[in-house]
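Chemist: need a structure here:
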Amino acid sequence: MLPRTAYSQSSPPSVAHADVAAMERTRILADAPGALQQPVSTITSIAAPRADSDPHAFYSEIAPPPTPQEPTPKPVFRAHATALRNFSNCVATLTAAYMLTHEDRYAVRAGQHLQAWL
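Modeler: Take a look at the predicted model:
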C-alpha cells in the first residue's frame with residue numbers, strides 16, 4: 001500500500017487518485033541529469049545496413065526463431081528502435097522534470113530533441 005501522502009488530499013478516501021508527481025519525483029529528478037546529457041540524434045544519423053529505403057524511414061528487424069540448421073540466429077538491426085526508445089524516454093523524463101521544477105533547462109533540452117525529430 002502506498003503512503004497516504006502519495007494520494008491527492010482533495011479526494012475522499014473512497015475515490016483515491018494517485019499523485020504520480022509525488023510518487024515519481026525522486027526517480028524523475030535522479031534521471032533528469034542523464035537526460036540533459038543525452039545527445040540529440042535521430043534515425044537519419046544511423047545507417048540501416050540492409051535497408052533499401054529512404055534514409056529517413058524507420059527500419060528494424062526481428063530475430064527469426066532458431067532452427068536445427070541455424071541454432072544461433074544472425075545479429076539483427078535494432079538501432080532505429082533503440083534510438084526511438086531513447087528519444088521517447090529522454091523527452092518524457094525532461095518534460096516531467098520541467099513540470100516538477102519549472103527549470104527552463106529541461107524544457108529547452110526536450111524541445112531540442114523534439115525539433116530534431118520533426
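Chemist: Report how many residues lie close to the residue lying closest to A47 once chain neighbours are set aside.
Modeler: Closest residue to A47 in three dimensions, ignoring its sequence neighbours and counting by Cβ to Cβ, 6 or more residues apart in numbering: P55, at 7.4 Å. Placement of C-beta: from N, CA and C, glycine included. Using other Cβ atoms under 10 Å, P55 has 12 neighbouring residues.
Chemist: ditto for the one 10 residues further on
Modeler: Other residues within reach of P65, judged by other Cβ under 10 Å, total 7.
Chemist: do the same with A97
Modeler: A97: 25 neighbours (other Cβ under 10 Å).
Chemist: got a pLDDT number for it?
Modeler: If you check A97, the pLDDT there is 97.
Chemist: Then V76?
Modeler: Value listed for V76 in the pLDDT field: 88.
Chemist: same check, this time on P64
Modeler: At P64, the pLDDT value in this model is 83.
Chemist: how close does the residue positioned nearest the centre of the chain get to A81?
Modeler: What sits nearest the mean C-alpha location of the chain, by Cα atoms, centre = their mean, is N89, with 1.4 Å. From N89 over to A81 the distance is 13 Å, taken as Cβ to Cβ, to the nearest Å.
Chemist: top helix in this protein by residue count?
Modeler: Ranked by residue count, the top helix of the chain under DSSP state H comes out as helix 79-101.
Chemist: Now that one: buried residues?
Modeler: For helix 79-101, a neighbour-count test (16 or more other Cβ atoms under 10 Å) marks 80-81, 83, 87, 90-91, 93-98, 100 as buried.
Chemist: repeat for stretch 105-116
Modeler: Under the neighbour-count criterion of 16+ other Cβ under 10 Å, stretch 105-116 has 106, 109-110, 113 buried.
Chemist: Among those residues, find me the one that's closest to R25.
Modeler: Closest approach between the buried residues of stretch 105-116 and R25, by Cβ to Cβ: Y106, at 13.6 Å.
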